[in-house]
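In: When you get a sec, could you give me coordinates for this:
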Amino acid sequence: MAIDSGLKSLVAFAKHLEGIVASALYRLNTSALEGMNNHIKVIKRMAYGYRDTAYFFLKIKVAYPGKMR
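Out: Next up, the predicted model:
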C-alpha cells in the first residue's frame, strides 16, 4: 500500500520496516565494540615506535583479556 502511493518517504519507510521493528524490539547497538576499537587505536598511538608487533598484541590482550576457559 505504501509502495503504491509513490511517496518517496513512505516507500523508504516500507522498505526498512522490518529493520525498524527489529531495532525497537531488540535494542542492540555497536557502542561497546566502537569503544573497544577506539581504545585499541589509543594503544596503537601510544605504541608508536615499538619494533615488536607481538608486544602490541600483548598490550591489547591485557586491555581485553576475555573470558577464562
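
In: element containing residue 39, please.
Out: helix 31-46 (DSSP states H and E).

In: measure the spatially most central residue of the chain to residue 63 for me?
Out: In the chain, the residue lying closest to the centroid (C-alpha atoms, centre = their mean) is residue 30, at 3.7 Å. Residue 30 sits at a distance of 18 Å from residue 63 (criterion: C-beta to C-beta, to the nearest Å). Quick note: C-beta positions are derived from backbone N, CA and C, even for glycine.

In: before we move on, what about residue 21?
Out: According to C-beta to C-beta, residue 21 and residue 63 sit 36 Å apart.

In: Show me which residues of stretch 59-67 are buried.
Out: By neighbour count with 16 or more other C-beta atoms under 10 Å, stretch 59-67 contains no buried residues.

In: Next: stretch 35-55.
Out: Here stretch 35-55 shows residue 43 as buried, counting by 16+ other C-beta under 10 Å.

In: How far does it stretch from one end to the other?
Out: End-to-end distance of stretch 35-55 (C-alpha to C-alpha, to the nearest Å): 21 Å.

In: likewise stretch 38-58?
Out: Start-to-end, stretch 38-58 (C-alpha to C-alpha) is 17 Å.

In: all helices of this structure, in order?
Out: Assigned by DSSP state H, the chain shows helices spanning 2-5, 8-15, 17-26, 31-46, 53-63.

In: which stretches of this protein have low pLDDT?
Out: For the chain, the stretches with pLDDT under 70 are 1-6, 67-69.

In: do that again at 80, thanks
Out: Low-confidence segments of the chain (pLDDT under 80): 1-7, 47-51, 66-69.

In: what about residue 26, neighbour count?
Out: 8 (other C-beta atoms under 10 Å).

In: how close does it sit to residue 43?
Out: Taking C-beta to C-beta as the measure, residue 26 falls 31 Å from residue 43.

In: if we can go back for a sec, show me what the helix holding residue 39 is packed up against.
Out: Contacts defined by 3 or more C-beta pairs under 8 Å, 6 or more residues apart in numbering; DSSP states H and E place helix 31-46 against helix 53-63.
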